[in-house]
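[1] Give me a 3D structure for the following:
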Amino acid sequence: MKRLLVLALLAGSTTLSGCIVAAAPLLAAGAIGKRQLDKKRDPDLPSSRAPVVALTPQAAPAGIPAGQAVPSGTTATNPAPPPGSVPPGMQYLYGSGEASAISIQAYLGLTDFLLARASDFQVGHPVQSVVMAPNATLAAPSFMTCAANQQPAVVLDIDETALMNLGYEADDSQRNGPYDQGRWDRWETSGVGAVDPVPGALEAIRAARRAGIQVVFNSNRSSATADSTVAALTLAGLGPVVHFQNLWLKGDGGTPGGGKDGRRWAISAKYCVIAMVGDQLGDFSDLFNSPELTVAQRRAATNSPMLRMLWGHGWFMLPNPVYGTALKGDIDAVFPANRRWTDPGPAIGAVPAPVAAPSPKP
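    Residues are numbered from 1 along each chain as shown. Predicted structure coming up:
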């Protein structure tokens with residue numbers, strides 16, 4: 001309680017009017033601070049690993065070192081992965097201390113932010129939603145506002161945000177082929193005990209609930225397998241979870257396909273959403289997944305003046321180099337032409353120029 005009162009004195013707030021705010025939410029000053037996407041699959045669910053392509057030195061395309069794996073579609077052999085090997089992205093996300101540290105860092109930041117916002121609620125300060133409104137654009141973002149009687153809530157994605165799909169990914173690491181929706185459906189129903197909470201998630205969720213903040217999950221897992229998802233979250237220690245109360249899944253209404261905005265707006269009708277957590281930009285707004293956006297434009301949007309201050313102050317991103325919408329772009333899309341470098345190579349017989357001695361001080 002003492003910590004909440006201290007943070008309340010430090011936290012900033014704004015007076016709201018109407019149902020939509022036409023600028024990025026002002027932030028509490030006391031808050032401390034897999035693969036190429038397959039169009040046939042949801043952007044926030046794991047896909048099967050893209051085929052590994054072995055290249056001879058002669059076959060390596062420009063910009064890719066000889067012998068390095070490249071995306072499918074390149075003319076080359078397509079062997080199965082060596083038994084027991086794990087793709088680098090999986091090594092990082094599921095095995096490294098570095099990825100664990102980043103996740104813990106994000107969740108500690110979320111905890112501090114939520115405690116500051118809870119202090120605002122306790123002293124009667126109005127608090128603003130971080131859910132983008134239906135009329136918003138990335139260039140002109142606007143946000144839902146909160147009714148005085150709404151309970152504050154934090155909305156989390158599930159896969160690789162709250163739960164680590166260790167069983168599915170271990171199996172996936174030994175496969176080579178396109179995404180199999182049937183296999184993912186079987187995983188949802190039979191793999192409930194082969195998951196772990198993402199590092200830091202359990203502690204942050206418990207802290208949120210102690211502070212009176214509702215924890216809501218919004219996932220593209222199927223509504224048809226809701227009971228299995230509830231079981232997985234519960235076994236991982238992240239419950240209690242009740243479908244349609246604090247669990248929203250694909251098929252529950254809202255945006256067609258893999259979009260989540262419709263569900264976010266439905267959640268906002270019940271709760272004041274003060275923070276969101278995800279591993280894909282689509283966990284914050286479907287606008288980031290517009291097919292009209294180039295790789296460069298999508299990246300630039302995250303650093304726009306109207307949105308950049310949300311990161312760590314209402315929007316909390318977790319690492320995922322394994323699958324999803326982030327994994328796209330060829331060399332021209334990823335590396336600007338004016339930032340290229342070509343190794344000139346060592347000059348034969350060149351002697352390094354002597355370093356001049358500094359001039360004596362007068």
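
[2] how close does the closest residue in space to residue 294 that isn't next to it in sequence get to residue 283?
    Closest residue to residue 294 apart from its sequence neighbours, by C-beta to C-beta, 6 or more residues apart in numbering: residue 333 at 6.7 Å. In this view, the C-beta of every residue, glycine as well, is placed from N, C-alpha and C. Between residue 333 and residue 283 the computed distance is 22 Å (C-beta to C-beta, to the nearest Å).

[3] more crowded one of the two?
    Ranked by neighbour count (other C-beta atoms under 10 Å), residue 333 and residue 283 place residue 283 first, with 29 against 13.

[4] Grab the nearest non-local neighbour of the more buried one.
    Counting by C-beta to C-beta, 6+ apart, the residue nearest residue 283 is residue 157, at 4.4 Å.

[5] What mean pLDDT does the helix or strand containing the residue nearest to residue 294 get?
    Secondary structure from DSSP states H and E places residue 333 in helix 331-334. Here the mean pLDDT over helix 331-334 is 95, rounded to a whole number.

[6] what's the spacing between that helix and its chain's center?
    Its chain's C-alpha centre and that of helix 331-334 lie 22 Å apart, by C-alpha atoms, centre = their mean, to the nearest Å.

[7] And for stretch 222-242?
    The answer for stretch 222-242 is 20 Å, by C-alpha atoms, centre = their mean.

[8] what's the straight distance from one end of that stretch to the other?
    15 Å (C-alpha to C-alpha, to the nearest Å).

[9] And that stretch, what's buried?
    Within stretch 222-242, the residues that qualify as buried are 222-223, 225-226, 228-233, 235-236, 238-239, 241, counting by 16 or more other C-beta atoms under 10 Å.

[10] Tell me which helix or strand in this structure has the weakest average pLDDT.
    Least confident helix or strand of the chain, by mean pLDDT, DSSP states H and E, is helix 2-10 with a mean of 38.

[11] can you pull out the strands in the stretch 101-250 of the chain?
    Taking DSSP state E, counting those that start in this stretch as the test, the strands found in the stretch 101-250 of the chain are 143-144, 151-156, 163-164, 196-197, 214-222, 247-250.

[12] which residues are in contact with the fourth one?
    Put plainly, it is strand 196-197. For strand 196-197, the surrounding residues in contact (C-beta atoms under 8 Å, 6 or more residues apart in numbering) are 162, 163, 164, 166, 236, 237, 238.

[13] How far off centre is it?
    16 Å.

[14] What of the first one?
    Going by C-alpha atoms, centre = their mean, the spacing between the C-alpha centre of strand 143-144 and its chain's C-alpha centre is 20 Å.

[15] go on, the second one?
    Put simply, strand 151-156 sits 17 Å off its chain's centre (C-alpha atoms, centre = their mean).

[16] could you check the angle strand 214-222 makes with it?
    Calculated by axes from the mean of the first three to the mean of the last three C-alpha atoms, to 10 degrees, strand 151-156 forms an angle of 40 degrees with strand 214-222.

[17] List the contacts of strand 151-156.
    110, 114, 117-118, 121, 127, 131, 146, 162, 201, 205, 208, 212-218, 246, 264, 267, 271-278.

[18] now the residue sitting nearest the centre point of the chain: how far from residue 318?
    With distances taken as C-alpha atoms, centre = their mean, residue 279 lies nearest the centre of the chain, 1.5 Å away. Separation of residue 279 from residue 318 (C-beta to C-beta) stands at 5 Å.

[19] shared neighbours of those two, which are they?
    Residues touching both residue 279 and residue 318 (C-beta under 8 Å, 6+ apart): 160, 161.
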